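>>> coords please:
(one chain, ligands or ions: 2)
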Amino acid sequence: SERTFIAVKPDGVQRGLVGKVISRFEERGYKLVGLKAIVPSKQLAEQHYADLSARPFFKGLVEYMTNGKAPVVCMVWEGKDVVRQGRAMIGATNPLESAPGTIRGQYCVSVGRNIIHGSDSFESAEKEINLWFGKAGEL
Ligand code: ATP
Ligand code: MG
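Ligands and ions are numbered 1, 2, ... in the order given. This is a model prediction of the structure:
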């Protein structure tokens, strides 16, 4: 069955939004198959966002994910179309485009403090699950 990697970022954890995120996915009908809270190493965060390494906000993004003020809550969710549905439920990256009713559209206004991550493709999902949880078979 299809799987995706969803992570509540440190600002979402600090604001107490983990339960709300889990509820939304559970209520939609998805199954939680992996869950842990960790402060990622700089290397892990850099690998996770490797595609963005040339962007001006990259250093700040890695610092935000790794500063340890709160952990990242890492999740693997499973179910029909969960990669695309997960992205739809999360909402757009740009706060002005994240629709009310989406997670970002309900809980945040800043692109640099946007609560949650979701894999953007099957390939990213597989890569990210392996990166954060180890090989998929170990889940
Ligand atoms: P994510 O990968 O975290 O789910 P996304 O796929 O919606 O987010 P990406 O383009 O992959 O968006 O950007 C990754 C993350 O980098 C964003 O979620 C945000 O935290 C940060 N980011 C993106 N653009 C900016 C920006 N202009 N300024 C600051 N941070 C940014
Ligand atoms: Mg992304």
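>>> which ones are touching Ala99?
The neighbours of Ala99, taking CB atoms under 8 Å, 6 or more residues apart in numbering as the test, are Gly91, Ala92, Gly105. Every residue, glycine included, has its C-beta placed from N, CA and C.
>>> Relative to ligand 1, how far out is the second one?
As defined by CB to the nearest ligand atom, to the nearest Å, Ala92 lies at a distance of 7 Å from ligand 1.
>>> ok, back up a step: name the nearest of the contacts of Ala99 relative to Arg55.
If you rank these by distance to Arg55 using CB to CB, Ala92 comes first, at 17.2 Å.
>>> next one: phi and psi at that closest one?
Taking degrees, to the nearest 10, you get phi -70, psi 160 for the backbone angles of Ala92.
>>> so where is the chain shaky, pLDDT-wise?
Under the criterion of pLDDT under 70, the regions of the chain flagged as low confidence span 136-139.
>>> helix or strand for the residue nearest the centre of it, which one?
The central residue of the chain, meaning the one whose C-alpha is nearest the mean C-alpha position (CA atoms, centre = their mean), is His117 at 2.2 Å. Secondary structure assigned from DSSP states H and E places His117 in strand 116-118.
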